[in-house]
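K.L.:
please find the sequence and the predicted model below.
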Amino acid sequence: MYSIFLTGFDIFTMVIMGVVTLVVSKTLFKSYLSPLGTYGFIWALVLSLFFIRIIKYPALGTEAAIAIFGSFLSFVTGSILAISKIRDNTTASRRQTVDPEAFRDEYLQFRRRLKILVLVLSLISLAGALKLLLDVYGIYGMAGITGNKTMTSRYALMDGATSVSTVWGAMFSFVFPAGALAGFMLSLREWKNVTLYIPLLAAIVWSFAYSGRSSLLIVGITYFAGYFLGTKVGWRRRSYNVRKLVYVAVLLVIFFLISSYIYSNRGGVSYSALQESQYANYSVDPLTFAYYKYLTGPIAAFNYYVQHFDGQYSFGTSIFYPVFHQVEKLGLINLPFKQGIYMQAVAVPLNINIFTYLRAMYTDFGLAGVFIFPFLIGFITSRLYIGLLSRPSVNRLILLAFFYVLIVTSPYEYMLFQSSTWFAILVVMFLVMLMQKKIRVSFR
C-alpha cells in the first residue's frame, strides 16, 4: 500500500510539474508549444509513465534524481531568464515588431526559389536513402530489410562493419532542413504541393534500410516544428477544417503503422522471440509494452549509468562530439570512446542501450554538466523563439526547428552528435541567405 501511495504521489507531482510549465509557457511566450512548454510537457509525460512502473525498473538513485530534476529546473530557468533579459532591456520598448504582412511580401519575393530549394534538398536526401537501401539489399537481400537479417545489417551499419560510403548519410541529412521548410510551406496552405512530402518518403526509405525508426520520428518533428513556427509568423489566419484534420490523422496512422512494422519485424523470428520473452511476465499487450519500454527505458538506463559511473570525465568530447570527431579523423587526438546514440546495453532489468541526452553531459562534467547545458539550451531556444516572433526569418525557423528535435527527443537521446546534420543545416541556411541577398531581401 505504501509503495502504491508513493507511485501515485510521484505521478501526481509529474502532472503538476507539466501543467505548471505549460501555464508559464502560455503566460510568458503566448503559446503552450514554446520551447519551454514543449520541454516541460515531454519530460513530465515520460517521467509520469516511468513512475507507473509497468516494467519493474529500479528506483531512481539520489544522484540520478538530482540530475534529472535539476536539469529540468535549469532548462526552465534559462527559458525564463531569456524573456526577462529582453523585458529588462531599456530599449525593449522601442523594439519594432515586424508586421506579418511585411513578412509575407518578403517571402513571396523568393517563394518560387524556396520551393525549388525544397525539391532539390528532398531529391538529394531521397537519393541518399535509396542508395543505402540498395547497398543493404545487395549485401543481405530482402532478409536484411524485412527478414531475419535486419538486426545483422543494422548493427553492421552502426558499427561500420558494412562498407557503405558516408556520402549517402551526408546526402540524407538534407532531409532535416528540407522537412522544416516543407512544414513551414504547409503552414502557408501549400498542401497540394506534392514535393513537400518527399522528405517523408526519404525518411521511410532510410528507416527500412537502417531498420530503425528514429529518422522517421525526427523528420516528423521537423515537419511539425516548421508548421507550428510557420503559423506563429505567418500572415494568414489559421484554419482547421475537417479535411485537414483527416489528412493529419491519416499521416499519424501511417507513421505508427510503419514504425510498428519496422520495430516488430526487424530481426525476424529471433527478434520476435526475444521481445516475447521480455513481455511474457507483464500483463500488457506486446505493442503497449514495446512503446512503454521505448519511452521510459532511457530514464532507467541513465539511472544505472550514473550509479555505475567510473568518474572518468570526458570534458566536452561527448557534448561537442561533431567537432572532436573531425579532429580525430585528422589524427590529432584519440577519443576515449565513440559518442553515439547507442551504447552497450544495461539490464534495468530489460536490456536498454539508450541513456537520454543527459548521459553525454554527465559523461563530460558530471552534475555540473546536467545543470549548465540544459540552462544554455533553454536560454538559446527561447531567445531564438522570441527573435523569430519579433523578426521573422526563414533561417531562424530552420535552426529553431532542429532545436525542437533536440527538445522532443531529449528524454531519449542526444541529437547534436551528428556532424553531417549540422553540415546540412548550415549549407541550407547559407543558400537561403544567398537567395535573400540576391533579391535584396533582409531577414535580419
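P.N.:
All right, it came through fine.
K.L.:
what residues sit buried inside stretch 325-336?
P.N.:
Buried residues in stretch 325-336, counted by 16 or more other C-beta atoms under 10 Å: residue 325. C-beta here means a position set from N, CA and C on the backbone, and glycine is covered the same way.
K.L.:
quick check: mean pLDDT of it?
P.N.:
For stretch 325-336, mean pLDDT is 75.
K.L.:
who touches it?
P.N.:
312, 314, 317, 324, 339, 419 (C-beta atoms under 8 Å, 6 or more residues apart in numbering).
K.L.:
mind checking pLDDT for residue 435?
P.N.:
82.
K.L.:
list the contacts of it.
P.N.:
110, 113, 114, 117.
K.L.:
please identify the helix or strand for the closest residue to the first one other than its chain neighbours.
P.N.:
Leaving aside its chain neighbours, residue 110 sits nearest to residue 435 (5.0 Å; criterion: C-beta to C-beta, 6 or more residues apart in numbering). Take DSSP states H and E as the rule and residue 435 turns out to sit in helix 419-438.
K.L.:
export that helix as PDB, just CAs?
P.N.:
Extracted in PDB, the C-alpha atoms of helix 419-438 (Å, rounded to 0.1, in the frame of the first residue of the first chain):
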ATOM      1  CA  SER A 419      28.200  16.300 -37.800                       C
ATOM      2  CA  SER A 420      26.500  15.600 -41.200                       C
ATOM      3  CA  THR A 421      23.300  17.000 -39.800                       C
ATOM      4  CA  TRP A 422      24.900  20.300 -38.800                       C
ATOM      5  CA  PHE A 423      26.700  20.400 -42.100                       C
ATOM      6  CA  ALA A 424      23.300  20.100 -44.000                       C
ATOM      7  CA  ILE A 425      21.600  22.800 -41.800                       C
ATOM      8  CA  LEU A 426      24.500  25.300 -42.200                       C
ATOM      9  CA  VAL A 427      24.600  24.700 -46.000                       C
ATOM     10  CA  VAL A 428      20.900  25.200 -46.400                       C
ATOM     11  CA  MET A 429      20.900  28.400 -44.200                       C
ATOM     12  CA  PHE A 430      23.700  29.700 -46.400                       C
ATOM     13  CA  LEU A 431      21.800  29.000 -49.500                       C
ATOM     14  CA  VAL A 432      18.700  30.700 -48.100                       C
ATOM     15  CA  MET A 433      20.800  33.700 -47.200                       C
ATOM     16  CA  LEU A 434      22.200  33.900 -50.800                       C
ATOM     17  CA  MET A 435      18.600  33.800 -52.200                       C
ATOM     18  CA  GLN A 436      17.500  36.600 -50.000                       C
ATOM     19  CA  LYS A 437      20.600  38.700 -50.700                       C
ATOM     20  CA  LYS A 438      20.200  38.200 -54.400                       C
END
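K.L.:
go ahead and confirm residue 222 touches residue 179.
P.N.:
Yes. With contact defined as C-beta atoms under 8 Å, residue 222 counts as touching residue 179 (3.5 Å).
K.L.:
identify the contacts common to the two.
P.N.:
199, 401.
K.L.:
neighbour count: those two, which is higher?
P.N.:
Per other C-beta atoms under 10 Å, whichever of residue 222 and residue 179 has more neighbours is residue 179, with 33 against 26.
K.L.:
relative to residue 14, how far out is residue 300?
P.N.:
Distance of residue 300 to residue 14, computed by C-beta to C-beta, to the nearest Å: 15 Å.
K.L.:
who has more neighbours, these two?
P.N.:
Ranked by neighbour count (other C-beta under 10 Å), residue 300 and residue 14 place residue 300 first, with 27 against 19.
K.L.:
quick one: residues contacting the more buried one.
P.N.:
50, 55, 57, 58, 348, 352.
K.L.:
from those, which is closest to residue 189?
P.N.:
Among the contacts of residue 300, residue 50 lies closest to residue 189 (C-beta to C-beta), at 39.9 Å.
K.L.:
gap between residue 45 and residue 62?
P.N.:
23 Å.
K.L.:
oh, I was asking about residue 352
P.N.:
In terms of C-beta to C-beta, residue 352 sits 21 Å off from residue 62.
K.L.:
ok, those two, which is more surrounded?
P.N.:
A direct count of neighbours by other C-beta under 10 Å for residue 352 and residue 62 places residue 352 higher, at 23 against 9.
K.L.:
beta partners of that one?
P.N.:
residue 346 (DSSP bridges).
K.L.:
who are the contact partners of the nearest residue to residue 63 once chain neighbours are set aside?
P.N.:
Using C-beta to C-beta, 6+ apart and skipping residues adjacent in sequence, the residue nearest residue 63 is residue 306, 5.3 Å away. The neighbours of residue 306, taking C-beta under 8 Å, 6+ apart as the test, are 61, 63, 64, 67, 362.
K.L.:
I figured the first one hits residue 307, correct?
P.N.:
Right, residue 61. Yes. Between residue 61 and residue 307 there is a contact at 5.1 Å, judged by C-beta under 8 Å.
K.L.:
what comes up buried for the longest helix along the chain?
P.N.:
Longest helix in the chain, counting residues (DSSP state H): helix 111-140. Buried residues in helix 111-140, counted by 16+ other C-beta under 10 Å: 113-115, 117-119, 121-133, 135-137, 139-140.
K.L.:
what about that helix, average pLDDT?
P.N.:
In the prediction, helix 111-140 has an average pLDDT of 85.
K.L.:
which elements pack onto it?
P.N.:
With contacts taken as 3 or more C-beta pairs under 8 Å, 6 or more residues apart in numbering; DSSP states H and E, helix 111-140 sits against helix 150-159, helix 166-172, helix 175-187, helix 198-210, helix 419-438.
K.L.:
list the helices and strands the host helix or strand of residue 43 packs on?
P.N.:
Assessed by DSSP H and E, residue 43 sits inside helix 35-52. Here helix 35-52 touches helix 2-29, helix 62-88, helix 286-307, helix 367-390, helix 394-408, going by 3+ C-beta pairs under 8 Å, 6+ apart.
K.L.:
contacts for stretch 14-30?
P.N.:
Counting by C-beta under 8 Å, 6+ apart, 31-34, 36-37, 39-41, 43-45, 47-48, 51, 72, 76, 79-80, 83, 382, 385-386 sit against stretch 14-30.
K.L.:
the same query, at a cut-off of 7 Å, please.
P.N.:
31-32, 34, 36-37, 40-41, 44-45, 47-48, 51, 76, 80, 83, 385 (C-beta atoms under 7 Å, 6 or more residues apart in numbering).
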